[in-house]
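S.K.: Provided below for reference: sequence and predicted model.
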Amino acid sequence: MTEKERLKQIILELSYEKRKVILASGRESDFYFDGKQTTLHAEGGLLVGKLFYEAIKDVEGVQGVGGITLGADPIATATSIAAFLDGRPMHAFIIRKEPKGHGTGQWLEGRKNLPPGSKVVIVEDVVTTGGSSMKAVKRAEEEGLKVLCIVSLVDREEGGRENIEQEGYELRTIFTKSELLA
């Protein structure tokens, strides 16, 4: 069994649920992917790091990986470790949903590892409409980072890819909903 096949198994066991939910986009759905159940699992997290790194290792000059807390946090860390183990350091960073309420009031954690102009990849657990991905891109760019592409564990195939590409960014995915449920 390949690492990707094993990760698919873990996602289907831990993260996929057939039930009615309201998504972050506000849409109603009859299924849900809770990516954190996979990304916080010991083996799942390891495989996520390896596969996200594989998905971006051909992107020229990547210095960092990150996204909006909380979904991106374990992905960014695992990807950063996988890259380091392959001799290509890529620092993880976290984008807060609100600026820090004390101290420096910063939006971005890991700032000292990524000076302005650093080239980064935005990571996500699930893309539906692409709204949260684009929010992460906007915040990263406002913080002086250069976003090269976006990578998601699962694309729900509900317009996110098209919306992201319309904004001029590439979306790479580990799985689409169709691949997972085939």
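M.R.: On my side now, so go ahead. Residues are numbered from 1 along each chain as shown.
S.K.: Local confidence estimate at residue 103?
M.R.: Predicted confidence (pLDDT) at residue 103: the value is 67.
S.K.: Could I get the full set of helices for this structure?
M.R.: According to DSSP state H, the chain carries its helices in the segments 3-10, 35-39, 42-56, 72-85, 131-142, 160-166, 177-181.
S.K.: Mind giving me the packing neighbours of the third one?
M.R.: Which is helix 42-56. The criterion is 3 or more Cβ pairs under 8 Å, 6 or more residues apart in numbering; DSSP states H and E, and the helices and strands that helix 42-56 contacts are helix 3-10, helix 35-39, helix 72-85, strand 146-155, strand 171-176. C-beta: built from backbone N, CA, C; applies to glycine.
S.K.: nearest spatial neighbour of residue 124, skipping sequence neighbours?
M.R.: Once its chain neighbours are removed from consideration, residue 124 has its nearest residue in residue 152; the separation is 4.3 Å (Cβ to Cβ, 6 or more residues apart in numbering).
S.K.: Report the separation between the one you found and residue 111.
M.R.: As for residue 152, its distance to residue 111 is 24 Å (criterion: Cβ to Cβ, to the nearest Å).
S.K.: ok, these two, which is more surrounded?
M.R.: Taking neighbours as other Cβ atoms under 10 Å, residue 152 and residue 111 compare with residue 152 leading, 31 against 17.
S.K.: Restrict stretch 156-171 to CA atoms and write it as PDB.
M.R.: Written as PDB, here are the backbone C-alpha positions of stretch 156-171 (Å, rounded to 0.1, in the frame of the first residue of the first chain):
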ATOM      1  CA  ARG A 156     -14.700  19.300  -1.900                       C
ATOM      2  CA  GLU A 157     -15.100  20.200  -5.600                       C
ATOM      3  CA  GLU A 158     -17.600  22.900  -4.800                       C
ATOM      4  CA  GLY A 159     -16.000  25.800  -6.700                       C
ATOM      5  CA  GLY A 160     -13.000  26.400  -4.600                       C
ATOM      6  CA  ARG A 161     -10.500  25.500  -7.400                       C
ATOM      7  CA  GLU A 162     -12.200  27.800  -9.900                       C
ATOM      8  CA  ASN A 163     -12.400  30.700  -7.400                       C
ATOM      9  CA  ILE A 164      -8.800  30.400  -6.400                       C
ATOM     10  CA  GLU A 165      -7.600  30.200 -10.000                       C
ATOM     11  CA  GLN A 166      -9.800  33.200 -10.900                       C
ATOM     12  CA  GLU A 167      -7.800  35.100  -8.300                       C
ATOM     13  CA  GLY A 168      -4.600  34.100 -10.100                       C
ATOM     14  CA  TYR A 169      -3.300  31.300  -7.700                       C
ATOM     15  CA  GLU A 170      -2.700  27.600  -8.300                       C
ATOM     16  CA  LEU A 171      -4.500  25.100  -6.100                       C
END
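S.K.: Alright, I will stop here.
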